[in-house]
Structures are given as structure tokens and as C-alpha cells.
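**Student:** Predicted model and sequence follow; I will ask about them next.
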Amino acid sequence: MIRFLTRRLAYMAVTVLLVSLVSFLIVQAAPGDYAAIYAAKKAATGAIIRQTDIEAVRVQLGLDKPWYVQYGLWLYNAVFHADFGESWQWKRPVGEVIAERMPLTLAIAFSTLIFMYAISIPVGIYAAVRRYSFGDYASSLLGYLGLATPNFLLALVIMYLSQRYFGQSAGGLFSPGVANAPWSLTKFWDLLKHLAVPVVVLGTAGTAFLIRAMRAAVLDELDKMYVLSAKASGLSPLQLLIRYPVRVALNPIASTLGWRLTYVISGAPIVGYVLALPDTGPLFLGALLNQDMQLAGAMIFIYCVLTIIGTLISDVLLVLLDPRIRLE
Amino acid sequence: MSLADTLRTFRRRPRAISRPDLASQWQLMWWQFRRHKMAMVGLALLGIFMIFVLFAEVVSPYPPFQRDPAYVTGAPMSPRFFEEDGTFHLRPFVYGRKTARDMVTLQLKHAVDTSQIWPIRFFVHGKPYKLLGLIPTDIRLFGVDQGFIHLFGTDFTGLDIFSRTIHASRASLGVGFIGVAISFILGAAIGGAAGYFGGALDNIVMRVIEFIRSIPTLPLWLALAAMLPRDWPPLWTYAAITVILSLLGWTWLARTVRSKLLATRHEPFVLAAKLSGCTDMRIIRRHLLPSFMSYLIVDTSIAFPEIILAETSLSFLGLGLREPVESWGVLLFSAQSIRSIDQAPWLMIPGIFVIVAVLAFNFLGDGLRDAADPYSR
């Protein structure tokens, strides 16, 4: 186990390094470097800027060094000081801007994961046991639709319906009247109601996929000999189902947790943007649309690191769940 | 066997080769595929989309950029056979529209005017265009003599959403098609090399694939798309977006190719080919690829919807394709804010086309997966 963990951790470190390189390239892609932006800003205030001043700023920021030195500096500051430079759009340190909004993104991502597994595992088991029943067909139809609908469209439809028929906005985190009120039970309930929308929107496609996977996995197990022998020894159907086939079928489902997390993180920015949530979604897209690459690159880096951690967790989970898997 | 049974088998397999032991592999696959009802539905839907792509000008009553000043932000007009009082017309018609100014908001409001009936005529003369870009003509599938017909309504500038949606299937499916083609070539080449040569190369390729899989693709796509210069001509942007989408989509294909190659490269027929002096390239092309081509087709049909969905998301956010190129995502761009969809919910109709197209490809993929291995049953 220790050997397995060290191997995985080493692999993870390499991946993080690669990801950081990609992120840095994105930061570099900004039109003009920071010194030029600084010069433009100064010139706008009427100050006289000479080429030597720009050069001085460039040296001060380390922009005159070769790219790999810059990359090293960027990575060093990012990892050890959580310092990703300054966002020119917000005129504040990037790390600070992201830190404000990250908790909500994380809360949504984890709620979505819990939602997906809480729905898909029982429904998948049901669809497998009651194969070709109405419920099976209904769940697979919903599954197909869920996979085919782009997240943002689902978000738009839900917003439209709730606006039209419930007269309340589904976007944002709080209803207009509650936003500035002190914390209370009503406010908390309001928050939960608003959180449900992004969670459902983000989770639908993943849930659809997991239901199909769970159904297939349980179906595979139901035909096996050990199920027959357990049945013969007189276990009640429910007990039998939960104790054997479901337990085995859960392994492949649990092992894809990392991919699910990647998927959720991948879809989160757009959903956050459409629903106007105060999370990292609008921040990220705003950065891209305004070419604030310092911010965008840092966010890509953080999104990637999150999914890499998720993958690690699911790998470890799989080994813990299924002792048959050899630790190479 | 009763007469009815005989007739049924006769009808199902009219061709000379009806015996499974004589049928070619493709024929077996087709038989297997035909039994999958949803896959046939998917195939039919894709056929309809192909007609849209080829004959967009014929199917749509108006050119995509023709404004209708008489019906701006107008609701969809549904064709009907029955009048309100139950009178039946064999020729479908739409009710007329009357326009009045709302005295509170001072906006123009359109209302249904049941006293006017605008009959729909087929194969009418409309704005001239070139069929398939070659034959000049002005025939449109349907239209009205008096008034106007906007099946899906119009947007805030008075453009006909139906005509635009039909035209947009070109760019949307086109991105999918070219993107999948690039992914296919990349996947087959990289996966093929990894699987055939094995060893260190295989190891590196697999690590790269795992790496790409473990990063959230959409944010990365968005970032790459945002890096494209804004002043590029639309065609360049189109090409660049397609390449970006396919760059990250090849991994599934590469994995399939690799694992199939690993499984088959020690088969006796490969050894035989090697002993007869075939080059590596020839063995891969002539002997190995055909043996698992069907699996590649399955993977391709699954890659399609992914690219279409990604393009739609990108364009919806304003980071992908842009006007004057039209795709479903570009059309949805105007439905971005809650204010606009509250005013004109029909702006979301192009989204239905996205869903149907993705469903069609998914059904097709399911059918192909069952058919891919005709010997398994």
C-alpha cells in the first residue's frame, strides 16, 4: 500500500508539473506583457513614460529573463506563496480573488458528487433488478436526454421555468430580499433552494451516465454462480442483493469518482456563469473574455489540481474497496 | 413453416445472400444493426439532418440574414389545419398577425389575428440562391403568398429563427465532422504506433492520454479558444476552433486502437504477413486495421456528440464561432440572459436541434456497438 501510494504521489507530482506548464503558457499568451499594460495605464493618467521606465518595470518583474526562469518563478510563487501575480481586471492579487469564490465552487462540486451517487446507485440497482420494466425504460430515456442536453441549456430552461411559473429567480445564491439579511434559518433555507439548481444542472448528465454504468454492472453480477448459491442457501432477496452483487458492482462505480469530479469541475464554470452564481465560474469566463490571462491561467491550474486530487482519491478508494486489485 | 412466416423471412432478406454463413462481415453487421430500433431512428434523424445540411436554402423559407421589419421579436407561428371554430382546410395555414404598440412599455406587440388566414404553399418562388452552390434557382420548400411565416418566431432583429437554425446545422455538424476526422487520424496514428511498437513509446503515449483525461477539458478549451485573436476572419476561427476541439478528443480512439492492436498483433495471420515480407505499414493498413475497423466506427460515433456539445457551449459563451458564421451555439448566444429568454423563450429552440442531433448520434452509436461484433451471437 505504501509503495502504491508513493508511486501514485510521484505520478501526481509529475502531472501537476505538466499542468502548471500548460497554465503558464496560457498566462504567457496574454497580448503584451504586464510592463506594457503598466505603461499604458500610466500613460492614460497623463504621466510621461520613457522606454527606459518600461524596461525598469520589466526588470523589476523579471520579464527580461528567459521563459523557463519566469516559469520557475511563477511556479515557485504559486506553490509556496499562493501568489499568482496580479489580475489587471480586478487590480488585486489573483490568489485573493480566487480564494473568495473558491469555497462556493467546492461546495457545489461536492454537493453535485453526492447528488449524483445518491440518485444513480439506487436507480441503477432498481433498473437492473426490474429489467425491462416501466421504471427501467423511464430511467434510460431520462438518461439519454440528460446526456444529450448541454448543461447551459438545462440551466436556461430551469431559470426560465422558475421565473415564469414560480416568479422567483433561480439564478444567484439568494433571493433579492434575503441577500443582505443577517444569517437565519430562512436565509439558510433560501441558500439551499438556490444551491439545488446548479447541483441538479451539473449533476444530470453525470447521473445519467452513472445510472447506466450501475445498471450494467449489477446485471453482470446477477447472472453469476455465487448469486445462485446464495439464493439457494436461503438469503432473503434484498439481503442477498445488497450483500453481494451490489457490493461488487460498486467497485467500478467508485473507481470513476475521479472522472466524475473532472467532469463536474469541467462543467462548473459555464453553469456558474449562466446562473450568475458568485462562484469561480463568472470569474473564469470574465477573465477569458477580457483576456485577463494571469487570472485565467491560475484558475486553470487550480481546476486541474482539484481533479488530479480527485483522481488520486478514487484510485485509493478502489484499492481499499477491492482487494483483488493488485498493487503493481 | 406457415405461409406467413415464409413471406416474412422473404421480405426481411430479399437479397440473394440470405445465409449467415455466406454473408460478408458488413452484411452481418447491417442485419444486426437493423434489429436495433433506436439505432434505425437515429440513422433516420441523421438522414434528415443531412438533407438540412445539403439543401438548407430549399428547406428554409427565408435567407438566414433577411430581417423582417414587420415581425420583430415575434412568437413562433404554428401551422394548422383547423380554424378556431373547427372549419377544416386541406391546405395548412397560419393565422395572420396584427401589430400594436403597448401603451405602457411603448414596445411593439404582435398578436394572433384569427380573421386573417395565410395559406401555406409548397415549392414557391422565394429569394434566389444557388442550389449546392452551383445551380441558380429560387424554389423554396414552403412559403406564404400574403404576410409572412416564421415557424420558430423571430429574434430581436427580426431574423427568422427557423431559417437560421436550418442553415446553422451546416456549421454545427461540419465542426463535428471535421473535428472527428482529425481526431480519427490522430487517434489511429498515435494509438496505432503505441500499440504496434509497444515498449517505451507505448508507455509515453499512455501517460499522455492519462494526463489529458485527468484535466478538465472544457475550461482548457475555453482558454485556448479565448487565446485566438479576435480580428481573425471567420473562416480561420472556424478552422482553429475545430482543431482545438479535436486536439483533446483523440484519446478515446487512440486507446481503442492501441488495445485492439495489442490484442491482435501476435495473431498467426500477422506472423504470416510478416513472414511473407510485408512492411510494418502494410501489415497495419491491410491486415490489422480492417480487423477492428468496426470498433473504430463505434468510437467515432461517440466522439461526434462530444464535439458538437463542446462547440455549442463555446459559441454560446461567445468564445467559439462568431457571426457571420452560424451554428446552433452562435444562435443560442442571444439567449444568454434571463431577460432575453423571458421576453422571447423561442430563442432556445436551436437548443432542441442540438439535443436531437446528440441523441441521434448516441442511438446510432449504441446500435453500432451491438452490430460491431456480428460473430458474438
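**Tutor:** Yep, that arrived.
**Student:** which stretches of the stretch 201-350 of chain B have low pLDDT?
**Tutor:** B:248 (pLDDT under 70).
**Student:** Next one, pLDDT for A:Leu75 please.
**Tutor:** Residue-level confidence at A:Leu75 comes out at 77, pLDDT.
**Student:** for B:Arg230, phi and psi?
**Tutor:** Phi and psi for B:Arg230, reported as degrees, to the nearest 10, are phi -70, psi -20.
**Student:** ok, it - how many residues close by?
**Tutor:** Other residues near B:Arg230 come to 9 when the count uses other Cβ atoms under 10 Å in any protein chain shown. Every C-beta, even on glycine, is put in place using the N, C-alpha and C of the backbone.
**Student:** residues in contact with it?
**Tutor:** Counting by Cβ atoms under 8 Å, 6 or more residues apart in numbering or on different chains, B:Arg230 makes contact with nothing.
**Student:** Next secondary structure after the longest strand along chain B?
**Tutor:** The residue-count maximum for a strand in chain B (DSSP state E) belongs to strand B:108-131. Proceeding N to C from strand B:108-131, the next assigned helix or strand is strand B:135-144, under DSSP states H and E.
**Student:** Okay, buried residues for the following helix or strand past that following strand please.
**Tutor:** Using DSSP H and E, the next helix or strand after strand B:135-144 towards the C-terminus is helix B:161-197. For helix B:161-197, a neighbour-count test (16 or more other Cβ atoms under 10 Å in any protein chain shown) marks B:161-176, B:178-180, B:182-184, B:186-188, B:190-196 as buried.
**Student:** ok, back up a step: the longest strand of chain B pairs with which strands, parallel or anti?
**Tutor:** strand B:88-101 (antiparallel), strand B:135-144 (antiparallel) (DSSP bridges).
**Student:** Show me how far that strand is from its chain's centre.
**Tutor:** Centre-to-centre, strand B:108-131 and its host chain are 28 Å apart (Cα atoms, centre = their mean, to the nearest Å).
**Student:** again, but for stretch B:220-233
**Tutor:** Taking the mean of its C-alpha atoms, stretch B:220-233 sits 23 Å from the chain's own mean (Cα atoms, centre = their mean).
**Student:** Locate residue 253 within the secondary structure: which element?
**Tutor:** Since no chain was named, I'll use chain A. Assigned by DSSP H and E, A:Ile253 falls in helix A:245-255.
**Student:** was after chain B, sorry
**Tutor:** Using DSSP H and E, B:Leu253 falls in helix B:251-264.
**Student:** what's that helix packed up against?
**Tutor:** Helix B:251-264 sits against helix B:161-197, helix B:199-214, helix B:289-316, with contacts defined as 3 or more Cβ pairs under 8 Å, 6 or more residues apart in numbering or on different chains; DSSP states H and E.
**Student:** After the last one, which helix or strand is next? Please name it.
**Tutor:** So the one you mean is helix B:289-316. helix B:328-332.
**Student:** Pull the residues that contact the following helix or strand past that following helix.
**Tutor:** Using DSSP H and E, the helix or strand that follows helix B:328-332 in sequence is helix B:338-343. Under the contact criterion Cβ under 8 Å, 6+ apart, helix B:338-343 has outside partners A:156, A:159-160, A:163-164, A:169, A:171, B:73, B:156, B:334-335, B:347-348.
**Student:** contact partners of the helix holding B:Leu253?
**Tutor:** B:183-184, B:186-188, B:190-192, B:194-196, B:198, B:202, B:205-206, B:209, B:212-213, B:270, B:284, B:288, B:291-292, B:295-296, B:299-300, B:302-303.
**Student:** Spell out which parts of chain B neighbour chain A.
**Tutor:** For chain B, the residues in contact with chain A (Cβ under 8 Å from any Cβ of the partner chain) are B:211, B:213-220, B:222-223, B:226-227, B:305, B:309, B:312-313, B:316-319, B:332, B:335-336, B:338, B:341-342, B:345, B:348, B:351, B:354-356, B:358-359, B:362-363.
**Student:** Report the distance from stretch A:186-202 to the chain centre.
**Tutor:** Counting by Cα atoms, centre = their mean, stretch A:186-202 comes out at 17 Å from the chain centroid.
**Student:** oh, I was asking about stretch B:305-316
**Tutor:** For stretch B:305-316, the distance to the chain centre is 11 Å (Cα atoms, centre = their mean).
**Student:** isn't B:Phe152 right next to B:Ile349, touching?
**Tutor:** Yes - if you go by Cβ atoms under 8 Å, B:Phe152 and B:Ile349 touch, sitting 4.7 Å apart.
**Student:** Looking at the two, which one has more neighbours?
**Tutor:** B:Phe152 (23 against 20).
**Student:** And the residue of the stretch 251-377 of chain B closest to chain A?
**Tutor:** B:Val358 (3.9 Å; Cβ to the nearest Cβ).
**Student:** For that residue, give me the pLDDT.
**Tutor:** 88.
**Student:** which ones are touching it?
**Tutor:** Counting by Cβ under 8 Å, 6+ apart, B:Val358 has contacts A:Leu147, A:Ala148, B:Pro305, B:Ile308, B:Leu309.
**Student:** again, only this time at 7 Å
**Tutor:** A:Ala148, B:Pro305, B:Ile308, B:Leu309 (Cβ atoms under 7 Å, 6 or more residues apart in numbering or on different chains).
**Student:** A:Ile211 now?
**Tutor:** A:Ser120, A:Val123, A:Gly124, A:Ala127, A:Ser139, A:Gly143.
**Student:** can you tell me which residues contact the third one?
**Tutor:** Read that as A:Gly124. A:Leu210, A:Ile211, A:Met214, A:Arg215, A:Val218.
**Student:** so of those, which ones are in helices?
**Tutor:** A:Leu210, A:Ile211, A:Met214, A:Arg215, A:Val218 (DSSP state H).
**Student:** how long is stretch B:193-202 from one end to the other?
**Tutor:** Length of stretch B:193-202, first residue to last, Cα to Cα, to the nearest Å: 8 Å.
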